[in-house]
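**Student:** my questions concern the predicted model and sequence given below.
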Amino acid sequence: MAQAAESGIAYTGLRSLFFMLTPNESSYQKLEDVPQYVQQATPFFIGLMVLEMVVGLLKTGSPVLTISDGLTSVSCGMISRIPLLFMRSCELTAYVFVWDRYHLLELPWDSAWTWWLTFVGVDFCYYWVHRIAHEVSIVWAAHQVHHSSEYFNLTTALRQSLTQQFTSWIFYMPLALIAPPTVFAVHIQLNLLYQFWIHTELIRDLGPLEWVFNTPKHHRVHHGRNEYCIDKNYGGILIIWDRIFGTFAEEADKVVFGLVFPINTFEILYVQLHYYLYLWRRSNTFKTIGDKLSTFFKGPSWSPGKLRLGDHVDNPEVTGQEVPHDPSWPLPLQLYVVIHFLLALGTYHDLFENKMMLSQLTVLGMTCYVLLTLTSLGLIMDQRPTAAFLEMLRCVVMVTMQGYGCAKPLLSSLAGPTEAVPPVMDSGLVLA
């Protein structure tokens, strides 16, 4: 019986990736009953990424990703979820607040019409969330993280921003006036999950589906830095919004992926936050308050005397011969980075699994350790002079945390020598 239930959950997780759930099986009266579809689909993220690597290698004879770029993308995905340790989703929290106080209609939660209306509404709102993220510099400072990879594969889908969630919630609030939070909670997850599988170069064309749905072909254009690709194809599940509002572009010349001005680094905090610092420095070059504010609230290509979105005359020419940033580094060092990344990933997983049983101080400490690890590994991949010192410090912290049971050792047989306290449980720590 239990096996059948687990199998059903797994099958639901797979179908949720492709928006293949029906209203009957995904309508809920209470918010706490809404499944964690993203969590259920996580094993399939891993499975599809492995499948893409195998198929890509067989099909093209070369890997679809590099260790440094892939780990940076996954690290960004890890960092983007850290706020969930301390607060509920901004989008869902704000949505429930508006619904409880201001909703105008109360559409039935168990109606197929409500389910489909919310699907269209969420996707429409996502189009504008996404478009604003490209057209307003301060919001682009968050979203640029997702575009910073010069590769286009399933790991790129995980390259998400730490800060974008703090502004995106605003655009879903009109929907909170009519659609129940439970239905919204389903569709905000399904919309996100659908966008995972469209990050691939292996699927070339889906025929008639290309007219209605966002597909890998359309999304490749969105991630391109060719002039014809910039600020195009914002859709989430549906591509019809781009066709309606004039932001659609067909894939034509070879798409060159990444930011117009590549950042050429794997330092995770720089990837996440560098554009905010750039905007601050740029605003300080202007004398008038209007120009200073315009730096943050007009388009990334804006400069004084230009229209709101600016233009692309200063962009580097794209020839199609560009080579992604991929510095060579020794194989033993690559193995070292992968092993310690997996250890940090294990700590990260345990942190989310046990966050309700841990004190806030322990959660904060484990979070800082994960951030320290991802930063240090990024410096190693960049081969920075300061990497050795920071990694030595990180290893000391890691051994200390293993001793206190906040991080698992590589081998259980190594746990004994690093014990720093007796194996007991107190209110702040859960010890192995």
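**Tutor:** Thanks, I have it. Numbers count the residues shown, from 1 in each chain.

**Student:** in contact with the most centrally placed residue in the chain, which residues?
**Tutor:** Taking CA atoms, centre = their mean, the centroid of the chain lies closest to residue 160, which sits 2.4 Å from it. By CB atoms under 8 Å, 6 or more residues apart in numbering, the contact set of residue 160 is 76-77, 80, 145-146. For glycine as for every other residue, the C-beta is placed from the backbone atoms N, C-alpha and C.

**Student:** adding distance to residue 386, secondary structure and pLDDT, write those out as TSV.
**Tutor:** Converted to TSV, the contacts of residue 160 look like this (distance: CB to CB, whole Å; DSSP: H, G, I helix; E, B strand; the rest coil; pLDDT from 0 to 100):
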residue	distance to residue 386	secondary structure	pLDDT
76	21	helix	97
77	25	helix	96
80	25	helix	95
145	23	helix	98
146	27	helix	98
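
**Student:** tell me which of those residues is nearest to residue 137?
**Tutor:** residue 145 (14.2 Å; CB to CB).

**Student:** thought that closest one was touching residue 159?
**Tutor:** Yes - checked against CB atoms under 8 Å, the pair residue 145 and residue 159 is within contact range at 6.2 Å.

**Student:** between those two, what contacts are shared?
**Tutor:** Counting by CB under 8 Å, 6+ apart, the common neighbours of residue 145 and residue 159 are residue 76.

**Student:** make CSV out of the contacts of residue 160 and add distance to residue 119 and neighbour count.
**Tutor:** As requested, those are exported to CSV (distance: CB to CB, whole Å; neighbours: other CB atoms under 10 Å):
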residue, distance to residue 119, neighbour count
76, 27, 24
77, 25, 15
80, 24, 21
145, 27, 25
146, 23, 22
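
**Student:** where does the stretch 201-350 of the chain have low pLDDT?
**Tutor:** Residue ranges of the stretch 201-350 of the chain with pLDDT under 70: none are present.

**Student:** mind listing the helices for it?
**Tutor:** Taking DSSP state H, counting those that start in this stretch, the helices of the stretch 201-350 of the chain run over residues 216-222, 240-245, 268-283, 289-297, 331-353.

**Student:** for these, which one ends up most surrounded?
**Tutor:** Among the helices of the stretch 201-350 of the chain, helix 216-222 has the highest mean neighbour count (mean count of other CB atoms under 10 Å), at a mean of 21.

**Student:** mean confidence (pLDDT) on stretch 13-23, please.
**Tutor:** Averaging pLDDT along stretch 13-23 gives 93.

**Student:** okay, domains of this protein per the record?
**Tutor:** Per the record, the chain has its domains at 2-245, 331-410, by automatic domain parsing.

**Student:** for the shortest one, what is the distance to the chain centroid?
**Tutor:** So the one you mean is domain 331-410. Relative to the chain's own centre, domain 331-410 is displaced by 20 Å; criterion: CA atoms, centre = their mean, to the nearest Å.

**Student:** how many neighbouring residues does residue 202 have?
**Tutor:** 14 (other CB atoms under 10 Å).

**Student:** quick one: contacts for it?
**Tutor:** Contacts for residue 202 (CB under 8 Å, 6+ apart) come out as 52, 55-56, 59, 64, 216.

**Student:** wait, which of the contacts of residue 160 is closest to residue 393?
**Tutor:** The nearest member of those to residue 393, counting by CB to CB, is residue 76 at 22.8 Å.

**Student:** how about that closest one, what does it touch?
**Tutor:** Contacts for residue 76 were tallied using CB under 8 Å, 6+ apart; they are 145, 158-161, 268, 271-272.

**Student:** next, format the domains of the chain as JSON lines and append distance to residue 301.
**Tutor:** Output for the domains of the chain, formatted as JSON lines (distance: least, CB to CB, whole Å):
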{"stretch": "domain 2-245", "distance to residue 301": "9"}
{"stretch": "domain 331-410", "distance to residue 301": "28"}
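
**Student:** can you say which of these is nearest to residue 277?
**Tutor:** Evaluated with CB to CB, these place domain 2-245 nearest to residue 277, the distance being 9.1 Å.
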